[in-house]
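Enquirer: This is the structure alone, sequence omitted:
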Ligand SMILES: Nc1nc2c(ncn2[C@@H]2O[C@H](COP(=O)(O)OP(=O)(O)OP(=O)(O)O)[C@@H](O)[C@H]2O)c(=O)[nH]1
Ligand SMILES: [Ca+2]
């Protein structure tokens, strides 16, 4: 598009000055594009009244109106009128030098004017429009894309193992768009896909946000954006789609002075690190000695004296009324309260109506008031473009799916356009072409959507086809539709639906749904596994991941003692090993050096004098003897906390001793020493001091923290992702869904499963298996994997769990990977037929590693075993539970399975089943 725009850099200072001072009478001659306004004299509002704007007309837009004197003084406010076809860059370039800039594609620009009459010809607008609308389409498509790729990374091994190997390479690309398991899955590419249970439910985390990335149009940098609005907004491209609109863009006022980086803007002292108070308008920062002088009595809150009367920087709207520590120090409580109150409520700081566009039109102040004071207002309203379906109350950001249902029938903004939410489904609700997610929701709610219907949906969810009289049903009427919406991140009517007159109206429907929801909000997940499988590690990870305060003070105090006891135990095992190694070494020495015996030395002392690599001095020997004796007596727990004080110096000496270090080097030969021991032993000196405080990681690694005899319970919900935080929590049922993780110690599950009856109401069972157990034997000589299989069998066949989903976590993948290279998997008799074809060259050419094959094989074994006994399908996930991401994705998988089974139940109950139509969704 030819840019006739005057280069703003060429607007000279004096022109601007002229602009500021011009307040003469209206000129007698015609000014085609720019007219100064005077509210008293010009009935401005009528010009842009919503009724006279037709969709296809390019129209003059009159932006905020103020009286002449406030215009000259205040209205230097950072108002820029930008026809949206003009590159916003041009505005920014100059805003430091002049408060008021005007840019239009006309050549005659009167800087005093705040109105731009923009006549835009078809051709002029054409090219740009086309370009950007194709952008929009592109991003629309992309944003839907992940919906299809949203899959559960669980393995379905009912198909033959070989088959899944062959087809598995396919999924590489799909994997990119997944967020489940992404960083933590130890198995790359090859193992997922056909074996993947493909879920057609997009989850809240997947939809939506990719738009921002793909929108990053390289040609046109969105230099001016609404500062406050969330970044996932389509930005300028979207606005360009609706061309022919004149736009008011808030531009930040620049501070009058600016010191060197980080210093106070007034005294120019201090650095980045000095505490400062910030002006809400121009972002000037003042140190505590200057702030009161720079901001005066703060009649509008925290603004420089020169910024009083100016609108605030929209990005700071969230800070309004939130006092800083600095002010609290400088002023008394009453003053602080008063200032914060005026900051929030004074007129100058209110959201300017014209920054909010509804259905393509900037709001009038009255409209904004209507919107903000209705019984169910949009939450956290920010400057930006929104669409509003007045009939149903659906509300969303322009170009996006709905995110809230607000009060219907409000007289704000223009008429809704078919493209408002950028849908491409050919299904319409109240004149708006709906998005793919909405369509899916409708289908799942049992609404017949064949034949591109146009629906008329009322605020209570009742709907009819356009042109027909009878109500066909209620969209939110079915049990589970709300939950469905939660899964799809779609809004649902709030508890009270207000009717046209604003009265509250509790529909029986919505109440029953809420009852249903409340009943469902605590989903219980049972976590079981045989000894040492990793259930407590997973439990602790969940605590650390999902709790703000994972461990309380006194809990930590107890854990500290547990850890220290453990470490003394590990030291004891080392000392035992040392004795063994010393004896071995002595034996070797004796046989090697028969010559010594010929010497005339004292026979009896010979042995004591011979020093081996594993010998220790008498002081340490005494300590060692004492420790081993205490351990043998089972008294280790009793010696605390005295032991830490007394023995700390000895521990240090012991750990640094060469004999101990030599023993530690051979730790793999010490059968009893668990693998986590090294984590603590290497820090033994720190851990065994009285003022040691265990970190979360220490607690994670520590053995015996979760009681091995009792149940442990954890209530949690998955924290919202950044994208979800932008939405209102009340519309986001995901965050309402609460889970309870119940860890049952393996002991409680033995033969007679004494606890099992308590778990009637759990939603699902997560069974944890340690993959590295395949070569281990228990005290009575039975292979541990076989014991695990037995325990697994007893649980899956228990009548209580008959209708429950099972998720198998094959844990300790890290250990398996390492071990399987040394010890054949066939060491376990259940795994006799493991016969992998592994290429000799272990390059990264996509061939699975032995570890991956072994995991896969075990998964198949368990799956077959499970379905032979239950006729159901087992979900499987691999994990390294010492890694938080790994546990996070496993638990999220559990959540998805729960959600999904919820949907499955609801849909089975409803008269409409989508599964018959969509074979992709969960067939096996
Ligand atoms: N290397 C590795 N070690 C793990 C993993 N998961 C757990 N462990 C370790 O395995 C040991 C046993 O794990 P726990 O979580 O205590 O097992 P548990 O199921 O609670 O077993 P009990 O407490 O004996 O009932 C601990 O030392 C863990 O640190 C893993 O994925 N990789
Ligand atoms: Ca344990």
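Expert: Okay, I see it. Predicted model only: the values in this text are computed from it and were never measured. Ligands and ions are numbered 1, 2, ... in the order given.

Enquirer: I figured residue 615 hits residue 583, correct?
Expert: No. Counting by Cβ atoms under 8 Å, residue 615 sits too far from residue 583 to count as a contact (10.8 Å). Placement of C-beta: from N, CA and C, glycine included.

Enquirer: More neighbours: which of these two?
Expert: Between residue 615 and residue 583, counted using other Cβ atoms under 10 Å, the more crowded position is residue 615 (19 against 12).

Enquirer: any weak-confidence spans in the stretch 501-650 of the chain?
Expert: 501-521, 589-609, 640-641 (pLDDT under 70).

Enquirer: er, the stretch 751-900 of the chain actually
Expert: Residues of the stretch 751-900 of the chain meeting the criterion pLDDT under 70: 751-758, 838-845.

Enquirer: what about the longest helix belonging to the chain and ligand 1, touching?
Expert: Determined from DSSP state H, the single longest helix within the chain is helix 553-592. No. Helix 553-592 does not reach ligand 1 (Cβ under 6 Å from any ligand atom); its nearest approach is 9.8 Å.

Enquirer: For residue 260, which residues are in contact?
Expert: By Cβ atoms under 8 Å, 6 or more residues apart in numbering, residue 260 lies in contact with residue 268.

Enquirer: What of the one 4 residues further on?
Expert: By Cβ under 8 Å, 6+ apart, the contact list for residue 264 reads 270, 274, 276, 285-287, 290.

Enquirer: any idea of the pLDDT on it?
Expert: Note for residue 264: predicted pLDDT of 90.

Enquirer: do residue 327 as well
Expert: Predicted confidence (pLDDT) for residue 327: 89.

Enquirer: thought it was touching residue 338?
Expert: No. Residue 327 lies out of contact with residue 338 (Cβ under 8 Å); the separation is 11.4 Å.

Enquirer: Can you give me the distance of residue 798 to residue 523?
Expert: 20 Å (Cβ to Cβ, to the nearest Å).

Enquirer: where exactly do the strands run in the stretch 701-850 of the chain?
Expert: 712-716, 738-743, 764-770, 805-811 (DSSP state E, counting those that start in this stretch).

Enquirer: Give me the buried subset of the contacts of residue 264.
Expert: 270, 276, 285-287, 290 (16 or more other Cβ atoms under 10 Å).

Enquirer: Close to ligand 1: what parts of this structure are there?
Expert: 529, 531-537, 674-676, 701, 703, 708, 745-746, 811-812, 814-815, 880-882.

Enquirer: so which strand or helix has residue 523?
Expert: strand 522-529 (DSSP states H and E).

Enquirer: Outside of the next helix-or-strand element following that strand itself, list whatever touches it.
Expert: Moving toward the C-terminus from strand 522-529, the first helix or strand encountered (DSSP H and E) is helix 535-546. With Cβ under 8 Å, 6+ apart as the test, helix 535-546 has contacts from 527-529, 550-551, 696, 699-700, 705-706, 708, 712, 714, 716-719, 741, 743-746, 766, 768, 809, 811, 879, 881-882, 884, 887-888, 890-891.

Enquirer: Derive a ChimeraX selection command for the buried subset of these.
Expert: Restricted to buried positions by 16+ other Cβ under 10 Å, the ChimeraX selection for the contacts of helix 535-546 reads:
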select :527,528,529,550,551,699,700,705,706,712,714,717,718,741,743,744,745,746,766,768,809,811,879,881,882,884,887,888,890,891
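
Enquirer: coming back round to it: between the longest helix of the chain and helix 535-546, how many degrees?
Expert: Computed by axes from the mean of the first three to the mean of the last three Cα atoms, to 10 degrees, the angle separating helix 553-592 from helix 535-546 equals 140 degrees.

Enquirer: so when I look at residue 880, I'm seeing a strand, right?
Expert: No. When DSSP: H, G, I helix; E, B strand; the rest coil is applied, residue 880 is found to be coil, with no strand at that position.

Enquirer: measure it to residue 770 for me?
Expert: Using Cβ to Cβ, residue 880 is found at 11 Å from residue 770.

Enquirer: Those two: which is more packed in?
Expert: For the pair residue 880 and residue 770, the greater number of neighbours falls to residue 770 (24 against 21), based on other Cβ under 10 Å.

Enquirer: what sits against the nearest residue to the more buried one once chain neighbours are set aside?
Expert: Residue nearest to residue 770 in three dimensions, not counting chain neighbours: residue 533, with 4.4 Å by Cβ to Cβ, 6 or more residues apart in numbering. Residue 533 makes contact with 746, 768-770, 773, 788, 811, according to Cβ under 8 Å, 6+ apart.

Enquirer: what do you get for residue 866?
Expert: By Cβ under 8 Å, 6+ apart, the neighbours of residue 866 are 792, 796, 806, 808, 872-874.

Enquirer: Now intersect the residues you listed with the helices, please.
Expert: 792, 796.

Enquirer: which outside residues touch stretch 664-681?
Expert: For stretch 664-681, the surrounding residues in contact (Cβ under 8 Å, 6+ apart) are 563, 566-567, 570-571, 573-574, 576-577, 581, 655, 663, 687, 698, 701-703, 815.
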